[in-house]
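Undergrad: below: sequence and its predicted model.
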Amino acid sequence: MNLKEVNIGEKLYSQGVKIRRDYLFDGIEKPEKYLNDPWEKRSIHVVVESEASVLGVGRLTYDEDGNGIVSQMVVKPEFRKRNIGFMILEHLIKLCVFKGSEKVYLSSRESAVGFYEKLGFNVIGAKFASPQTGIVHVSMVLSL
Ligand SMILES: CC(C)(COP(=O)(O)OP(=O)(O)OC[C@H]1O[C@@H](n2cnc3c(N)ncnc32)[C@H](O)[C@@H]1OP(=O)(O)O)[C@@H](O)C(=O)NCCC(=O)NCCS
């Protein structure tokens, strides 16, 4: 398994988008709106691949203060609980450390809160329904 940063237009990037579409926005009307949101072009895109097949993906965007925002992380269902999400998130956090970010923010699905907590994120604020999917999320932050 290899972790790679990929650029828009590359084959591995396109495979990652497909995984995001299939497992984050399945059944959502106009998924392109969320996949190709205003952050997409200014984000760092990371995949974990094996034999040129993408198994998991994550995205990092910096806000105007240089803090990190992690979004659209997903691992293909049959490859979950094999440390792939950990590899991706750890890399995104390291990028923030090198950048000098003070904090890393994300919105987690309620079901994934425990995963992010393992890497040191804390819940901040109340639960809210995602305007995109209606799925209940919570805001989380990691202080670096
Ligand atoms: C959340 C997700 C990205 C985690 O990826 P993963 O590759 O399965 O996670 P890992 O195997 O790297 O797990 C790392 C650790 O977190 C734990 N963990 C993984 N998913 C968890 C979850 N949903 N709740 C609690 N703990 C979890 C693992 O047990 C592991 O702990 P350990 O080191 O003590 O064994 C993956 O389950 C997923 O794609 N879920 C659906 C989409 C989703 O919810 N994405 C997040 C949107 S905000």
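TA: Okay, I see it.

Undergrad: tell me what the biggest helix by length in the chain is packed against?
TA: When the chain is parsed with DSSP state H, its longest helix is helix 84-99. With contacts taken as 3 or more Cβ pairs under 8 Å, 6 or more residues apart in numbering; DSSP states H and E, helix 84-99 sits against strand 2-6, strand 44-50, strand 53-62, strand 68-75, strand 103-109, helix 113-118. C-beta here means a position set from N, CA and C on the backbone, and glycine is covered the same way.

Undergrad: closest one to the ligand among those?
TA: Across the helices and strands packed on helix 84-99, the ligand has its closest neighbour in helix 113-118 (2.5 Å, Cβ to the nearest ligand atom).

Undergrad: near the ligand, which residues of this structure?
TA: Contact residues, the chain versus the ligand (Cβ under 6 Å from any ligand atom): 23, 56, 73-75, 80-86, 108-109, 111-112, 114-115, 118.

Undergrad: give me the buried subset of these.
TA: Applying 16 or more other Cβ atoms under 10 Å to these, the neighbour count classes 56, 73-75, 84-86, 108-109, 112, 115 as buried.
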